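Novice: build me a model from this:
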Amino acid sequence: MSRATILHAPVLEKLQAIGGADLVVGIPSFNNARTIGHVVHAVTAGLAKYFPDHRAVLVNSDGGSTDGTPDVVGAAELGSARAILVTQAPRRVHRVITAYQGLPGKGSAFRTVFEIAQRLQARACAVVDSDLRSITPEWLQLLIGPVLEEGFDYVCPLYSRHKFDGTITNSIVYPLVRALYGRRIRQPIGGDFGFSGRLAGHYLAHDVWASDVARFGIDIWMTTTALKGDFKVCQAYLGAKIHDAKDPGAHLSTMLVQVTGSLFAQIEAHEARWRDVQGSEAVPEFGFRYEVGLEPVPVDVGRMVHAFDQGVQDFAPIYAGFLDDGTRTELARLTGQPVARFHMPEELWVRTVCSYALAYHLRSLNTDHLLRSLTPLYLGRTASWVNEAADYGAEQVEQALDSLCGTFERLKPQLVTAWQEGRIRSWSS
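Specialist: So this is what the prediction gives:
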């Protein structure tokens, strides 16, 4: 290739020696020595069991770990063929272990995987997180199989999650992506994806690697870029994604700013794609759904309600700059409610999120100040959800989320009108 490369010379030499590959699996990492060995075992076992006749390369794209993470990747062994129930010795899985170049972040790590996949002319790829405790060999079949066997370009993960886990996805990301792009991708920022070599090349061609995409916005960028282009999209059920659960009322302000900022930036960039979309449709799904045990998620509703009450007061001057009078009045009326009965109406929340997306587009305020002012309102909505869903089973949870998504879809025309007119709007029921 004649274009400049982001790969180090030893990596280029190794790729030349490998020659080519059918499959590339990337594992980004930064100080994950404690967990990455299990992930490598699962990946190599999955490749050996489900794709024994394919040439495969495992790529560890590391962010400068100081705990020996790359050494763990290099030393991890597959184990016996009998353990994974294969009757013949599988092909060797080549390993490429390299520090990535560029801005520190998951996106820069993925960029390295994309380039290696393109240079090896891989047919199918996957990326999985380095701290997974629940990954199994079957994940590789579910992420790569739809690409190789069914011609899909992008495979989103579908996990079973505790009803109080993933609240940013459930209350903002999933409903907005579904309403705007018209596809019911349940977990568009799940973190573990399958994709075709064609799509990897498409990703690599974008000039986004000096932006927040390279740092923390890669997941939503990959999903929305696939939806924007002419690519076949599906989702695969992987079971539980076990990770270190966090109280949705703590440690989240920076994460919320990063996720919503990345999402709103993609919405702005893809206006021509979503503007005329009406309603939503399901995407094909692979994998067998089954009941799984889920780790509990600690919640402190009182702290969330207190943060909401205080935030509505403290951020009142900011809210006055982009929220209409009716929305601000309704939010103010919610303050002072007893914690156990705190409830934020679904439509009020939807109007609020749409107002934020519009304000981000119009640059009504400094974007960092704007997005940080969402935190107390998000906590209010989350407290309301915890109260509402206390006794919900899995089916009731999905029914409630489907109702929320339906409200986003119903109010979308008003968002489109305000977007095109370039003005903050007053929402009508």
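Novice: ends of stretch 317-326, what's the gap?
Specialist: 15 Å (C-alpha to C-alpha, to the nearest Å).
Novice: surely residue 63 and residue 103 touch.
Specialist: No: if you go by C-beta atoms under 8 Å, residue 63 and residue 103 don't touch, sitting 10.1 Å apart. (C-beta placed from N, C-alpha, C; glycine too.)
Novice: ok, now how distant is residue 110 from residue 30?
Specialist: Between residue 110 and residue 30 the computed distance is 13 Å (C-beta to C-beta, to the nearest Å).
Novice: and what of residue 163?
Specialist: The value you get for residue 163 to residue 30, if C-beta to C-beta is used, is 30 Å.
Novice: of these two, which one has the most company?
Specialist: residue 163 (21 against 18; other C-beta atoms under 10 Å).
Novice: which residue packs closest to that one, ignoring adjacent ones?
Specialist: residue 397 (4.8 Å; C-beta to C-beta, 6 or more residues apart in numbering).
Novice: and the pLDDT for the residue nearest the centre of the chain?
Specialist: The centre of the chain sits closest to residue 189, judged by C-alpha atoms, centre = their mean, with a distance of 1.0 Å. The predicted structure scores residue 189 at 96 on the pLDDT scale.
Novice: now do residue 249
Specialist: So residue 249 comes in at 49 (pLDDT).
Novice: ok, residue 79 next?
Specialist: So residue 79 comes in at 56 (pLDDT).
Novice: also residue 84?
Specialist: 56.
Novice: would you map the helices across the stretch 101-250 of the chain?
Specialist: Along the stretch 101-250 of the chain, the segments classed as helices by DSSP state H, counting those that start in this stretch run 106-119, 138-150, 167-168, 174-181, 197-204, 212-215, 218-228.
Novice: let me have the ones you listed in JSON lines, adding mean neighbour count, mean pLDDT and distance to residue 4 as columns.
Specialist: As requested, these are exported to JSON lines (neighbours: other C-beta atoms under 10 Å; pLDDT from 0 to 100; distance: least, C-beta to C-beta, whole Å):
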{"stretch": "helix 106-119", "mean neighbour count": "25", "mean pLDDT": "97", "distance to residue 4": "11"}
{"stretch": "helix 138-150", "mean neighbour count": "22", "mean pLDDT": "97", "distance to residue 4": "28"}
{"stretch": "helix 167-168", "mean neighbour count": "20", "mean pLDDT": "93", "distance to residue 4": "36"}
{"stretch": "helix 174-181", "mean neighbour count": "25", "mean pLDDT": "98", "distance to residue 4": "33"}
{"stretch": "helix 197-204", "mean neighbour count": "20", "mean pLDDT": "97", "distance to residue 4": "12"}
{"stretch": "helix 212-215", "mean neighbour count": "21", "mean pLDDT": "93", "distance to residue 4": "16"}
{"stretch": "helix 218-228", "mean neighbour count": "23", "mean pLDDT": "97", "distance to residue 4": "21"}
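Novice: can you list those in TSV and add distance to residue 332?
Specialist: Listed next are these as TSV, based on distance: least, C-beta to C-beta, whole Å:
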stretch	distance to residue 332
helix 106-119	39
helix 138-150	46
helix 167-168	23
helix 174-181	24
helix 197-204	44
helix 212-215	33
helix 218-228	32
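Novice: thinking again about what came up before, looking at this, the residue nearest to residue 163 is in a helix?
Specialist: Yes: counting by DSSP: H, G, I helix; E, B strand; the rest coil, residue 397 is part of a helix.
Novice: contacting residues for the closest residue to residue 260 other than its chain neighbours?
Specialist: Spatially, and ignoring its direct neighbours in sequence, residue 260 is nearest to residue 371 (5.5 Å; C-beta to C-beta, 6+ apart). Residue 371 is in contact with 256-257, 260-261, 356, 360, counting by C-beta atoms under 8 Å, 6 or more residues apart in numbering.
Novice: rerun at 10 Å
Specialist: By C-beta atoms under 10 Å, 6 or more residues apart in numbering, the contact list for residue 371 reads 253, 256-261, 264, 356, 359-360, 365.
Novice: can you classify the nearest residue to residue 331 once chain neighbours are set aside as helix, strand or coil?
Specialist: Nearest residue to residue 331, sequence neighbours excluded (C-beta to C-beta, 6+ apart): residue 312, at 5.5 Å. Three-state call for residue 312 (three-state DSSP): helix.
Novice: any figure for the gap between residue 312 and residue 92?
Specialist: For residue 312 relative to residue 92 (C-beta to C-beta), the value is 60 Å.
Novice: the two: which is more packed in?
Specialist: residue 312 (20 against 11).
Novice: doesn't residue 344 make contact with that one?
Specialist: No: at 11.2 Å, residue 312 and residue 344 do not qualify as touching, with contact defined as C-beta atoms under 10 Å.
Novice: shared neighbours, these two?
Specialist: What both residue 312 and residue 344 touch, as defined by C-beta under 10 Å, 6+ apart, is the set 331, 334, 377, 380.
Novice: got a winner among the residues you listed for most neighbours?
Specialist: residue 380 leads the shared contacts of residue 312 and residue 344 on contacts (other C-beta under 10 Å) with 27 neighbours.
Novice: so who does that one touch?
Specialist: Under the criterion of C-beta under 10 Å, 6+ apart, the neighbours of residue 380 are 304-305, 307-309, 311-312, 331, 334-335, 337, 342-344, 348-349, 352.
Novice: filter these to the buried ones?
Specialist: 304-305, 307-309, 311-312, 331, 334, 337, 342, 344, 348-349, 352 (16 or more other C-beta atoms under 10 Å).
Novice: all strands of the protein, in order?
Specialist: In the chain, the strands defined using DSSP state E lie at 23-29, 56-62, 93-99, 124-127, 154-160, 193-196, 233-240, 285-286.
Novice: now tabulate these in CSV and tack on mean pLDDT.
Specialist: Listed next are those as CSV, based on pLDDT from 0 to 100:
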stretch, mean pLDDT
strand 23-29, 97
strand 56-62, 97
strand 93-99, 95
strand 124-127, 98
strand 154-160, 96
strand 193-196, 98
strand 233-240, 96
strand 285-286, 97
